[in-house]
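Colleague: need a structure here:
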Amino acid sequence: MAVSKLSKQVSPKAPSSLSTSQSFSNKRKREPENELITHTEKKAAKRRKQKKPKEIHDEDLNEELGINVAFSRMDSRLLADYIAQRTLRFGERELSTVELADRHFPENAIQDTSQWDKPRTLENFASFFKHFSNDSQNDPELPKGSPRALVITASGLRAADISRALKNGLAKKGEERLSIAKLFAKHIKFPEAVKMCNTMKIDIGVGTPHRISELITHGALSAASLESIIMDVSHIDQKKRGILDMKDLHMALVDLLIRDEFKVSSTVWNNRIKVLFY
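Modeller: From the prediction side, this is the model:
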């Protein structure tokens, strides 16, 4: 009877002791995993909050001139790689592998301008344009809304500044000024922009990627006469950002560049059109 009574007292406690031990052991095993996940999430959040992507170095940012000097050193291959890396970074969460591949911009479309040794400032924009472009002379035979050159920049304010710089820098005494169209949304409503393209001979169009793409889609702006696209990439704003450093602008720029209007087929760039990075 004593043995039986002792057995009854001990028996119920054994499973309870084992269960507690297992629970404690499992908890100890789970804690490092939870700590690892938390640490990883914190690192990812920190990366997302970084204002400047890691490829941008402070020594390349000349705040006095308002430019990122790194682009002046890049040849065609480096520029194509830079665009691809940025597109992957900005689009990897939202785009499929196929969609990212479709946004690849070919190296052979980019003209190497790394030998041009002047600072890529607003004051030198017209000089750069004349040096690398054949579009510095007025062409009275151009169809309406069909520019020979497009300049793509980050904002309407910057586009207005570039337009003035080109008008003043390209004009020669006794020659008719080039017709330069402002293709941006700030203070210019879309119907007004469409009307301008439909009625105006345009030598050079200067604007933002969103508005230029909208005008092409609408049929108001044509690439039939286009010979060069100049991308205003060196300019930085007060937050030290250029057009390729802001997600919305970068992706809009890439979506513009891969349009069928700039290709001879769905996968082949039109070699008549050269792309210049300023």
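Colleague: Okay, helices next: where are they in the stretch 1-150 of the chain?
Modeller: 2-10, 13-49, 76-91, 97-102, 125-132 (DSSP state H, counting those that start in this stretch).
Colleague: weakest of the ones you listed in terms of mean pLDDT?
Modeller: Among the helices of the stretch 1-150 of the chain, helix 2-10 carries the lowest mean pLDDT, a mean of 47.
Colleague: Spatially central residue in the protein, please.
Modeller: residue 250 (1.7 Å; Cα atoms, centre = their mean).
Colleague: between the helix or strand it falls within and helix 76-91, how big is the angle?
Modeller: Applying DSSP states H and E as the criterion places residue 250 in helix 247-257. With axes from the mean of the first three to the mean of the last three Cα atoms, to 10 degrees applied, the angle from helix 247-257 to helix 76-91 works out at 120 degrees.
Colleague: Show the subsequent helix or strand relative to helix 247-257.
Modeller: Past helix 247-257, the next helix or strand by DSSP H and E is strand 274-277.
Colleague: dump the residue contacts of the closest residue to residue 161 other than its chain neighbours.
Modeller: The shortest distance from residue 161 to any non-neighbouring residue, by Cβ to Cβ, 6 or more residues apart in numbering, is to residue 122 (5.8 Å). Every residue, glycine included, has its C-beta placed from N, CA and C. For residue 122, the contact set (Cβ atoms under 8 Å, 6 or more residues apart in numbering) comprises 161-162, 165, 235.
Colleague: other SSEs contacting the helix holding residue 250?
Modeller: helix 76-91, helix 209-218 (3 or more Cβ pairs under 8 Å, 6 or more residues apart in numbering; DSSP states H and E).
Colleague: Only alpha carbons, please: show the longest one as CSV.
Modeller: Coordinates of each C-alpha in helix 76-91 appear next as CSV, following Å, rounded to 0.1, in the frame of the first residue of the first chain:
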residue,chain,number,x,y,z
SER,A,76,29.6,54.0,-72.1
ARG,A,77,30.0,50.6,-70.3
LEU,A,78,30.1,52.1,-66.8
LEU,A,79,27.1,54.3,-67.5
ALA,A,80,25.1,51.3,-68.8
ASP,A,81,26.1,49.3,-65.7
TYR,A,82,25.1,52.2,-63.4
ILE,A,83,21.7,52.5,-65.0
ALA,A,84,21.2,48.8,-64.7
GLN,A,85,22.2,48.7,-61.0
ARG,A,86,19.9,51.6,-60.2
THR,A,87,17.0,50.0,-62.1
LEU,A,88,17.5,46.8,-60.2
ARG,A,89,17.6,48.6,-56.8
PHE,A,90,14.5,50.7,-57.4
GLY,A,91,12.5,48.0,-59.2
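Colleague: buried ones in it?
Modeller: 76, 78-80, 82-84, 86-87, 90-91 (16 or more other Cβ atoms under 10 Å).
Colleague: So what touches that helix?
Modeller: With contacts defined as Cβ under 8 Å, 6+ apart, helix 76-91 is touched by 53, 55, 71, 74, 99-100, 103-108, 110-112, 244, 247, 250-251, 254, 277.
Colleague: go again using 7 Å as the cut-off
Modeller: Helix 76-91 is contacted from outside by 53, 55, 74, 100, 103-107, 110, 112, 244, 247, 250-251, 254, 277, using Cβ atoms under 7 Å, 6 or more residues apart in numbering.
Colleague: In PyMOL, select just the buried ones from those residues.
Modeller: To isolate the buried subset of the contacts of helix 76-91 in PyMOL, counting by 16+ other Cβ under 10 Å, use the following:
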select buried, resi 74+103+105+107+110+112+244+250+251+254+277
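Colleague: Break this protein down into its domains, please.
Modeller: 2-49, 66-277 (automatic domain parsing).
Colleague: Next, format those as CSV and append distance to residue 59.
Modeller: Putting the domains of the chain into CSV (distance: least, Cβ to Cβ, whole Å) gives the following:
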stretch, distance to residue 59
domain 2-49, 22
domain 66-277, 9
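Colleague: Alright, calling it a day.
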